[in-house]
Every structure is written in structure tokens, then in C-alpha cells.
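In: From the sequence below, what's the structure:
(chains A and B, ligands or ions: 1)
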Amino acid sequence: MSTLDDAPDLLYSETEDDLRAAVRSLLTGRGDIPAALDRAESGAPYDTALWTSLAAGIGAAGLLVPEPLGGQGASHREAAVVLEELGRAVTPAPYLTSSVIATHTLLGCGTGDGGAVAKLLSALAEGRTVAVLAVPLSTGPDAPLPDTAPGAAIRAVADAAIADVLLVIGHDGLYAVETAAPGVTVRAQTPLDLTRPLSTVTVDAAALTAGTRLADAGTAEAAVRSGLLTGAGLLASEQLGLAEWCLEETVRHTRERHQFNRPVGSFQALKHRMAQLWLEVVSARAAARNAADALATDSSGVPLAVAVAQAYCGRVAVHAAEECVQLHGGIGMTWEHPAHLYLKRAKSAEIALGSTGSHRERLAVLTALPAPGRPTA
Amino acid sequence: MNAIDAAELRRRTRDLLAAHPPADTEPADFLKARFDAGLAWVHFPAGLGGLDAPRSLQSVVDAELAASGAPDNDPRRIGIGLGMAAPTILGFGTDEQKRRFLRPLWVGDEVWCQLFSEPGAGSDLAALGTRAVREGGSGANGEGGDWIVNGQKVWTSSAHLARWAILIARTDPALPKHRGITYFICDMTAPGVDVRPLRQITGEAEFNEVFLTDVRIPDAHRLGAVGDGWKVARTTLMNERVSIGGARLPREGGMIGPVSRTWRERPELRTHQLHQRLLALWVEAEVARLTGERLRQQLAVGRPGPEGSGLKLSFARLNQEISGLEVELLGDEGLLYDDWTMRRPELVDFTGREAGYRYLRSKGNSIEGGTSEVLLNIVAERVLGLPAEPRDDKDVAWKDLAR
Ligand SMILES: Cc1cc2nc3c(=O)[nH]c(=O)nc-3n(C[C@H](O)[C@H](O)[C@H](O)COP(=O)(O)OP(=O)(O)OC[C@H]3O[C@@H](n4cnc5c(N)ncnc54)[C@H](O)[C@@H]3O)c2cc1C
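Out: Numbers count the residues shown, from 1 in each chain, chains lettered A, B, ... in the order given. From the prediction side, this is the model:
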């Protein structure tokens, strides 16, 4: 089905390594877990100073925005590296939602003539403004778009709590609506994943028409789908980073923890489980890099690469987090130990942007392996 | 001398093709000329089939030759020689050994086999008991004399076709097990070498028992120093794992290919339950392929990762699950088998036979070249740094170990 010569670049470039080092040192300095836990319970989960350093200081928010619009003009490969690090630290930050999904959706709306789209993109690139697409986090790239009729409650919108702008799908196109505008409500829900807050959003008819129309209906649909597809592809990198942390931490713990006069990590039953996990993490890296590279080169293989990465990496992240809890024993069940934050993030990320099963169903179409009763494409 | 780069290799490849047009050259002659031009394995030294070029540039030569329809050697037939004997001879052989053995090995004139496993030593290979005793030579410690080998090897793939074998044998039972082993090149036509087919799960006999009775091996066919055999063998084993998992595949290039084709062509066989499993395995096969691709890219830029030992594990499990699914998908046909006739195959051909064969043969993928359990131990200890199993055989003379 494919030749060997159009092989994707699956390695990290030097620029990407440097970017990783910068993000990691920022997060180790500032993004410590006990503080994140306190914030999560305080109802103000985001560390806005950290977000400013990441988005504006390092310039991560503008990676996908072209230079003429004030961004870095980098690619999905770099954004993927940022997401790996955010996944490793389960950082509550609107990176995936604002800097990837909303940004990519806007890029699909036509950025010419210095109009509203271009202005909004520049603001996002500078990290001054946070925008999120007003759809449930579970919406996959090929799913029917949710009912966002004026006044309807849109549930489980990720990071709406910190957003300045909502991108709302109206029946005649895509609108930018300020969250502070009259007729907009953002009501916090209690999320499974404490590090990715969810809200129920309602935008009434008046608020929608008072907003800025960014694209007509046809353009909007394509732009939203491409935003969601990009988000799904790069979410795999976040899942990879998360899984990697879980494995490393589990190996570290089981080497130190003694029972029966031996480190528990010397028991073969545990060694094999961790070795198996390593294999899955190594494989997840290949899948996630493949998706990031396909997106960066805008290859025709994007839908397949994204579906493969999502169908694989979500499972790996959940498995890694579940093993992390189990192999830590009792301490893994405590609120104080970060393992639960990883498990909660992993399990909800598995549903985010299309479930594992829905990505497999997309693959069935893309690979011409149809379900029983359906003709071969 | 100019450094060899891609352009230079392309030029040399075209020169070879011009001097030996594949259309009117015997395949064997073409392969010999290719070896002599240094285009067999470009990272090998000049004069030994290579040009001291970076390993990553082999693909330039291969692509150029493939495009011109030149014959290639068949790694399925000479896999042990190519993947295991050659890197070991290159690493530890004398100049004379390298000159004698590498060319016929690569060209395919001489097939190799691996006389490592024994009835009492498989996963614990260093426990082996085949003895090699030196008959006095003219040197101070008897150097130069012949070695007399006695013992039994087992599961030896291709022994019935092989001209030469890599062999490890115990030369000092008074030392701890890893230290008293020496590595040899054994002539499979020498008197005292008795190869007996061992029929296997598939009905054929791809591997053998090999009985060694007073087999005489000249000291010139020793590889590495006396007592260094374990070190030399580790090179072989490392290369074995890489070469088992290391083939470059196109999408759907492995076992997932036949089952996907059957799915597409035979809608009447489809069920929802099998569909879910097929898609999950398709994803895993694609991801394993990408992982191999990533490993190759790391090698090409000189930063090899430990992924090699992992790939063999992935492929073993995948091959088994996919072929199991394929048999189920076939329903009534899955109840049948293509042919139980006892055969002695020249090569392992997974795709040339039917699903039942694939299902049975793939059971060997998690045993040959180190079992999956042993490989998981290696990953856990060497890659993840987890503590080793407690062991009590390290400092005990081999002869004093319980057996
Ligand atoms: C198709 C095929 C071709 C082969 N070709 C060759 C060949 O050409 N040349 C050659 O020399 N050999 C060959 N072999 C032999 C192969 O390398 C051995 O079979 C293998 O190393 C396992 O050894 P064993 O059979 O003695 O099993 P054992 O070592 O007895 O293993 C039995 C079981 O115990 C498990 N086990 C053993 N030790 C451990 C441990 N430390 N931790 C956890 N589990 C453990 C194993 O995983 C296995 O499940 C071939 C094998 C097969 C199946």
C-alpha cells in the first residue's frame, strides 16, 4: 500500500531537542505536582504565570502560526514535542485546546486581508489570548458535529474556564465570541481529569450574532474537522509523554522499594510487565512521531497516520498509568502520590478527540477493511 | 582516498552494472562481481565486500540495484551466515579467516548453521557441555594443534544444507561456566559430524540434531582466544536478535498482509468480533513497522537505540496473534492443513504456504534466537536497569554445577 521511499522522519531534530529542554526545565521549575493538586481543588486549576512563560516566554503558543501573523512558523513536529513534555508533567495548560485545535481551526478559515482571523491568530500566537473550540472534548475528527444551536448547552468543553474567546459553530458559519460577553455562560463541571478542566458552555442567539463571523458554513466545517484531526494527531504525543513518565517513575520506585529482602523490581513477574510497557512506549513513540511528521509535511497519509496513532497511543497511556498505580502498591492509591493524576488524564485522553474504537472504525474505511455487511470501499 | 559518499556509491554501482549487465550475467557471477566491487555490505572493509562506508549508505546501493533488476542474494536461505556468522567473523576472525569465509558466505555458495543450543543448554546457553580438547601442537601451550570435539547439539536450523557452522564448546570445565568456552568454525563435512532431521510442529524438518564424535577442528578455525568464546558468542547473539526483527517492511508487508487480503476478498467470512480484532492487530502491525523504521533511522545517524531487542518480541507476539486470527477467519478451511509431508525445506517461507502453516511456524518466533521470556529479562535489566535475578552459578566451576 505504500512504498518504502516516502519514509517519514521519525527522529527528533536538534531544534526539537532544544525546545524540549526549555519546556522541561520550565515545567520542573514551576509545575510541581503538590501545587497542581492544591490548585485543582481550589477551583482555579491553571497556573497563569506558568502559561505565560510557556506561551509567550518560550513562544510555544505560536509554533503553528506563520511568522507574518506573529507566530514562530514552526511545525507540528515541534508542537508535538511541547505536548510530550506537558503530558509528562500532566500540566493544566490550554495548549492542546488553544495553541493546537483552535489555532489550526482558525488557520483553516482563511487568514488573508489582515481581518479578524489574522488578528485572533496573532493574539493566540503571543499567548495574550486563549481560545477554545466550543465542542465536547470527546468530539472526534469524523464525528457528527455536536448541536451548538444558540442556547443549547455544550457539555465537556475543555479549558473554556480559562478561555477569552470561544469558537462557536453557528448554522451559517464559525463565530468568535468573547467568554465575557453578555449571553455567554461557562459553568465548571467536575472532571474525571483534574488537570484538564471541563465546562458546560451556553451561547445565546444574541451573543452569537454579536460575535465575529470568521467563516461561512462550508469553510467552517472543513476548518473544524482539520482542527480536530490535528488535535487528535498531536494528542498522541501528549499520551506518549504521559506513558513515559509513568514507566520511568515505576522503574525508579520498584528499584528502591524492598519486600522479601529484595527490591520488588527484581521479581520477574514485575520485570516482565515493565519490559512490556517499555516496548509499548517505544512503539507509541514511533506512532506519535509518524502522526506529527505527517501533519508537518501535510502528506496525504495524515488521516491514516492520525488514526493509527490514536488507536494505539491512547491504550498505551492508560496501560502505563494503570501499571504505575498497581506497581506502586498502596501508595499508588493515595491522593498525595501523583499517579492518580496520570491515570485520570490518561483515561479521559483515551476518550478525547474520538475514542480508540472510533479511530479503529475510521481505519476500517481508510484501509478498505470494512465491517461485515458493508461493501469494500 | 576520497571519503565514500552517496554520489560515489551510486557511481560505483552504475560502473558495476555497466561491466556486468544483469540481463546477460549469471546471477552467481553478478553477486561475485558485486562483492568484489565492495558493494555487498558497504560498511565492511575494502577487500571484504565493502568500502568502509557508513552503514546507512547501503540503501543507496540496494535501491540502485533493485531498480535495474539485478539479482540479490536470498537472506532466507543464508540468514544465519549473513546475520550471525559474518559479523562475528568480521569482529573476531583473523585476516585469513575473513578472506576465506566472507565471500562465499555472502554470495550464497556456502550456507552456514549455528551449533549453539544443546539438550541441556538452551536459554542458559553458557551451561553447554560439548567438549573441545586440544591435541598437542608445536606451540608452547599446544598452539597450532587440532581440537577434538565431542557432544550433541540440537534445534540446529539448516544443518542439513550447511557447509560450515559456528560452534561453541567447553575447553576448560574447571572454570566458571562463562569463562571456559571457546568459539570455533566447524566443517560440516568433517568425519564425525552426524546430522539427523528433527521433525517439527509443522510436519517438516527445518532443524536438526547434530552429533559430534571426535570431530577434528584445526586451530586455524578457532575464532577469538581460547576461553573467550562467551564474549564472541555475545556478538553473535546480539546480531541474531537484530537480524530476526530487522527486515524493512512496506505497509501490510508482514503476516498482516495475507489476512487483510482474505478479509477484502471474502466478505462472506467477516464477523464483527473478528473485525475488531483484525483492526486492533492491523494497528499494532503498522506501529511495529514504524518502530522498526525509527530504529533504522537511529542507526543511520549513528545513535542506535535498544529497540532492537524489543522488535523481536513485538513481531513474535504479533505473528502468533495474526496467524491465529487468520485460521479462525477461514472457518471450515481453517480446519484443514496444506500438507503434512515430511520435508527438509531450503528456506522458511511464511507467505508461500497456508494459514495453518503460518500459525504453527510462528510459535517458534518466541523461542528461536532467545525466548520472549529471556528477552524480557534482558530489556528489564539492561534497558530499564532493574535488578538482576539472584544467582548462584557465577563463581562455581562448570564441572561442579548441579545438572
Ligand atoms: C525454530 C527454531 C529454530 C532454532 N534454530 C536454532 C539454531 O539454528 N541453532 C541453535 O543453536 N539453536 C536454535 N534454536 C534453539 C533456541 O535458541 C532455543 O530453543 C532457545 O534458546 C530456548 O532454549 P530451550 O529450547 O532449551 O528452552 P529452555 O531454556 O529450556 O526454556 C523452557 C522455558 O523456560 C523459560 N525460561 C528459561 N529460562 C528462563 C528465565 N531465566 N526466566 C524466565 N523464563 C525462562 C523459557 O522462556 C521457556 O519458556 C532454535 C529454536 C527453534 C524453536
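
In: ok, longest helix in the chain?
Out: Going with chain A. helix A:217-256 (DSSP state H).

In: ah, I was thinking of chain B
Out: helix B:272-300.

In: and that helix with chain A, contact?
Out: Yes. Counting by C-beta under 8 Å from any C-beta of the partner chain, chain A is contacted by helix B:272-300 at B:272, B:275-276, B:278-280, B:282-284, B:286-288, B:290-291, B:293-294, B:297-298. Quick note: C-beta positions are derived from backbone N, CA and C, even for glycine.

In: which helices and strands does that helix pack with?
Out: On a contact count with 3 or more C-beta pairs under 8 Å, 6 or more residues apart in numbering or on different chains; DSSP states H and E, helix B:272-300 meets helix A:268-296, helix A:302-327, helix A:356-366, helix B:256-265, helix B:307-329.

In: got the CA coordinates for the lowest-mean-pLDDT helix or strand in chain A in CSV?
Out: When the helices and strands of chain A are scored by mean pLDDT, DSSP states H and E, helix A:33-42 comes last with a mean of 78. Listed next in CSV are the C-alpha coordinates belonging to helix A:33-42 (Å, rounded to 0.1, in the frame of the first residue of the first chain):
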residue,chain,number,x,y,z
ILE,A,33,2.6,18.3,41.5
PRO,A,34,1.5,19.2,45.1
ALA,A,35,0.8,22.8,43.9
ALA,A,36,-1.1,21.5,41.0
LEU,A,37,-3.2,19.3,43.4
ASP,A,38,-3.9,22.3,45.6
ARG,A,39,-4.9,24.4,42.6
ALA,A,40,-7.2,21.6,41.2
GLU,A,41,-9.1,21.6,44.5
SER,A,42,-9.2,25.3,44.8
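
In: Check which helices and strands it sits against.
Out: Counting contacts by 3+ C-beta pairs under 8 Å, 6+ apart, helix A:33-42 is packed against helix A:339-351.

In: Residue ranges in the chain under the pLDDT threshold?
Out: No chain was given, so I picked chain A. For chain A, applying pLDDT under 70 flags the ranges A:1-5, A:31, A:112-114, A:375-377.

In: please go with chain B instead
Out: B:1-2, B:137-142, B:241-247.

In: looking at it, which residue lies furthest from center?
Out: Distance to the chain centre peaks in chain B at B:Glu268, reaching 39.9 Å (criterion: C-alpha atoms, centre = their mean).

In: circling back to that earlier point, give the next helix or strand downstream of the longest helix of chain A.
Out: strand A:258-259 (DSSP states H and E).

In: Residues touching that following strand, excluding its own?
Out: A:Val264 (C-beta atoms under 8 Å, 6 or more residues apart in numbering or on different chains).

In: how far out from the middle of the chain is that strand?
Out: Relative to its chain's centre, strand A:258-259 lies at 38 Å (C-alpha atoms, centre = their mean, to the nearest Å).

In: Spell out which strands sit alongside that strand in the sheet and which way each one runs.
Out: Strand A:258-259 pairs in its sheet with strand A:262-263 (antiparallel), by DSSP bridges.

In: Contacts for the strand it pairs with next, please.
Out: A:Thr254, A:Arg255, A:Glu256, A:Arg257, B:Leu386, B:Pro387, B:Pro390.

In: circling back to that earlier point, out of the residues of helix B:272-300 next to chain A, which are buried?
Out: Buried residues within these, counting neighbours by 16 or more other C-beta atoms under 10 Å in any protein chain shown: B:275, B:278-280, B:282-284, B:286-288, B:290-291, B:293-294, B:297-298.

In: Which of the contacts of strand A:262-263 sits closest to the ligand?
Out: B:Pro390 (11.7 Å; C-beta to the nearest ligand atom).

In: next structured bit after the least confident helix or strand of chain A?
Out: helix A:48-52.

In: got the angle for whatever helix or strand comes next after that next one vs helix A:217-256?
Out: Using DSSP H and E, the helix or strand that follows helix A:48-52 towards the C-terminus is helix A:76-88. Relative orientation of helix A:76-88 and helix A:217-256, computed by axes from the mean of the first three to the mean of the last three C-alpha atoms, to 10 degrees: 50 degrees.

In: orientation of helix A:76-88 relative to helix A:339-351 in degrees?
Out: Using the same axes, to 10 degrees, helix A:76-88 lies at 140 degrees relative to helix A:339-351.
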